[in-house]
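Trainee: This is a predicted model, with the sequence first.
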Amino acid sequence: MLSKKQMRRLIQSVYGSSSEEGKEIERLYVRASRQIKGEISQFVAGQANWSGKPSKAALEDVRMQLEALALDGSISSMANVFLSSINLGHPKNSDLETARIAVPLLGVAQQRQRQLVGMGKRILDAVAKITHTQHQETPAMHQVPINYDRMLQRQASDSVIQRQQVSDAINRDIMDTVDRIRQIAKEAANSPKDNLNWADQVERVLTGGKKTGGASARAKMIIRTQACHELNRATIADFKARGVRQYRFLSLESINTCSRCSDMDYKVYEVADAQAGVNLPPMHPNCQCWIVEYGDEGYVSVSDLSPAPPSRPMANPLRFATLETKAIFPREGKTDPKLDAKMTEEIVVHDLRKLPVNTKEGAKPNQCIVAYKQGKLYERRYFDENGRAIKDIDYTDHGNPKYHKVPHVHDWVYNEEKGRISRQRDRDPRKGELS
C-alpha cells in the first residue's frame, strides 16, 4: 500500500491546489481570454454589421483553423459544428465571429482532453511504481504477483468508460462558454460605443475576473474531481491485483470538509464492494478524500524516514488535540494490565486524526494515549520505554462487525535494519491479555 506520506504527496501533485493540471488550465484560459478580446475588439472597431456578409478571405482563414482542429477526434464534433456554420448556406458576420471566438476555446478543449488521457496513465504508473518500491523494501510484507502490471491494467480498464463521460462534460462546458461569449460579442457589436464594458464581461466568463473563477474554475473542478476518481480507482485496482480485501476511507477533515465525507472518515469497506460516490471517493465534485489499505495504516516507507531539515521541524500532532494529562480511573474499556503497570503517563485526546507512533511525532516513553472520536472511546495506544508504539487496542468494529471484534488488538513491529515501521493486522485478544 501507499504510506500516508506517499499518498499525501501524490494527492498534492494530482489534485491539490498546486497540481500541474490546475496551473496549466489557468494559463490556457488567460491566453484564450486575450485572444478572444482581441478578436471582439477588432470586430467592434471595424463597425461591421452583425448580420452582414463576411469576406471570403476571412472565412477561408477561420476555415483552415477549424479544419486543423477537426483532425483531433476528441474535439472534432465541436469543430465540425462551427465549420458547417461557415460552409453551408449563406454565412453571416455573426457566424464568422462565433467561429473566431470558438477557435481559442477549442484549443483549450484540446489541451483539457489531453490532460484527461495523460492523467489516467500517469496516476496508474505512479501507484504501480510505489508498490514495486515497497516490494523491494519489504518483500515479505508487500508481495506483488509476477503478472502484477498486467493485472493492474486490466483492473483499471473500467475507467475508460467513465473517462468518456468526463470528456463529454468538457466539450459541453466549452460549447456553453462559446455561446455565452457569442452573446456578449453580439451586444458589443449592436451597442453604442462605450455603452457596454464587454471586455470585463468576457474576463468574468473565462477567468472570473476579480470575483469568481469563471470557466477556468469549472475546468479545474472537473479535472480535480476526475483526478480523485483516477487515483482512488487505481488504488482499488492495486488492491485487487495484490489480493487486499479491505480499505479505510480517509477524508481531508479540513474546515470545509462536508458532513458526508466527515461521517465516512476512518470507516472500513470491502474492496469488492468499492463504488465511487457510495463508499469510494470522489463523493462529490472537488472531493479530496482518499483510501488506504486496511490493517497496514502504520506503514512508513524508508524514504519517509529521512530527517526533516532544521528549518521545518516535524509537526507534533498532539498540539492540536484536546488533552487531559491526569490518569483516568476507572478506565473505560478493557485494557492490558501488564502494560498499564509500566505506564507513567496517560493522556486523552479527542477527535485527533492521527496518533503519534514515536517521540519524533510527540509521544513519550511509557505513555498511553487514549483516543476518543465524537465522544466515544476509539483506541488506546501504548508506547515502550523508547517512546515507540507497541500495541493498539481498538474499541470499534470500523463499520464491519463481520470482520472485527470489539475490542481487538494491533501489534506494532519495528525493523531497524530496513527502516520499517508497521502496524500489524488486527487480532483477537489473547487469553488473559485484556481485563
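Mentor: It's in.
Trainee: all helices for the stretch 201-350 of the chain, in order.
Mentor: For the stretch 201-350 of the chain, the helices defined by DSSP state H, counting those that start in this stretch cover 214-242, 259-264, 337-342.
Trainee: Which of the ones you listed sits closest to Glu293?
Mentor: Closest to Glu293 of the helices of the stretch 201-350 of the chain, according to C-beta to C-beta: helix 214-242, at 6.4 Å. The C-beta positions use only the backbone N, C-alpha and C, and glycine is treated the same way.
Trainee: Averaged pLDDT, that closest one. What do you get?
Mentor: What helix 214-242 shows for mean pLDDT is 90.
Trainee: I'd like the distance from that helix to the chain centre, please.
Mentor: Centroid separation for helix 214-242 versus its chain: 6 Å, with C-alpha atoms, centre = their mean, to the nearest Å.
Trainee: cool, and stretch 258-274?
Mentor: Relative to its parent chain, stretch 258-274 has a centroid offset of 15 Å by C-alpha atoms, centre = their mean.
Trainee: and the closest residue to Ser159 other than its chain neighbours, how many residues sit next to it?
Mentor: Leaving out its chain neighbours, the residue that sits closest to Ser159 by C-beta to C-beta, 6 or more residues apart in numbering is Arg233, at 5.3 Å. If you count neighbours by other C-beta atoms under 10 Å, Arg233 ends up with 23.
Trainee: which stretches of the stretch 151-300 of the chain form strands?
Mentor: Applying DSSP state E, counting those that start in this stretch to the stretch 151-300 of the chain gives strands spanning 246-250, 268-270, 290-293.
Trainee: Can you give me the distance of the residue nearest to Ser159 to Val160?
Mentor: As judged by C-beta to C-beta, to the nearest Å, Arg233 and Val160 stand 11 Å apart.
Trainee: Identify, out of the helices of the stretch 201-350 of the chain, the most deeply packed stretch.
Mentor: Mean neighbour count (mean count of other C-beta atoms under 10 Å) peaks for helix 214-242 among these, with a mean of 23.
Trainee: any idea of the angle that one forms with strand 246-250?
Mentor: Going by axes from the mean of the first three to the mean of the last three C-alpha atoms, to 10 degrees, helix 214-242 is angled at 160 degrees with respect to strand 246-250.
Trainee: Make JSON lines out of the helices of the stretch 201-350 of the chain and add distance to His350.
Mentor: Compiled in JSON lines, these are given as follows (distance: least, C-beta to C-beta, whole Å):
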{"stretch": "helix 214-242", "distance to His350": "29"}
{"stretch": "helix 259-264", "distance to His350": "15"}
{"stretch": "helix 337-342", "distance to His350": "21"}
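Trainee: Nearest to Tyr294, out of those?
Mentor: Among the helices of the stretch 201-350 of the chain, the nearest to Tyr294 by C-beta to C-beta is helix 214-242 (9.5 Å).
Trainee: Next, count neighbours for the residue lying closest to Asn366 once chain neighbours are set aside.
Mentor: Counting by C-beta to C-beta, 6+ apart, Thr344 is the residue found nearest to Asn366 once chain neighbours are left out, at 4.5 Å. Thr344 has 11 neighbours, counted by other C-beta under 10 Å.
Trainee: pLDDT value on Thr344, please?
Mentor: At Thr344, the model reports a pLDDT of 85.
Trainee: repeat for Glu21
Mentor: 84.
Trainee: distance of it from Leu28?
Mentor: From Glu21 across to Leu28, the span is 10 Å (C-beta to C-beta).
Trainee: residues contacting the residue nearest to Asn366?
Mentor: Contact analysis of Thr344 by C-beta atoms under 8 Å, 6 or more residues apart in numbering lists Pro365, Asn366, Gln367.
Trainee: Buried ones only from the residues you listed, please, as a ChimeraX command.
Mentor: To isolate the buried ones among those in ChimeraX, judged by 16 or more other C-beta atoms under 10 Å, type:
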select :367
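Trainee: Need the contacts of Thr344 in TSV (columns: secondary structure).
Mentor: Putting the contacts of Thr344 into TSV (DSSP: H, G, I helix; E, B strand; the rest coil) gives the following:
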residue	secondary structure
Pro365	coil
Asn366	coil
Gln367	strand
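Trainee: Can you tell me which of the contacts of Thr344 lies closest to Arg114?
Mentor: Taking the contacts of Thr344 together and measuring to Arg114 by C-beta to C-beta, the closest member is Gln367, at 52.3 Å.
Trainee: in stretch 187-204, what counts as buried?
Mentor: So for stretch 187-204, counting by 16+ other C-beta under 10 Å, buried means Ala188, Ala189, Leu196, Trp198, Ala199, Gln201, Val202, Glu203, Arg204.
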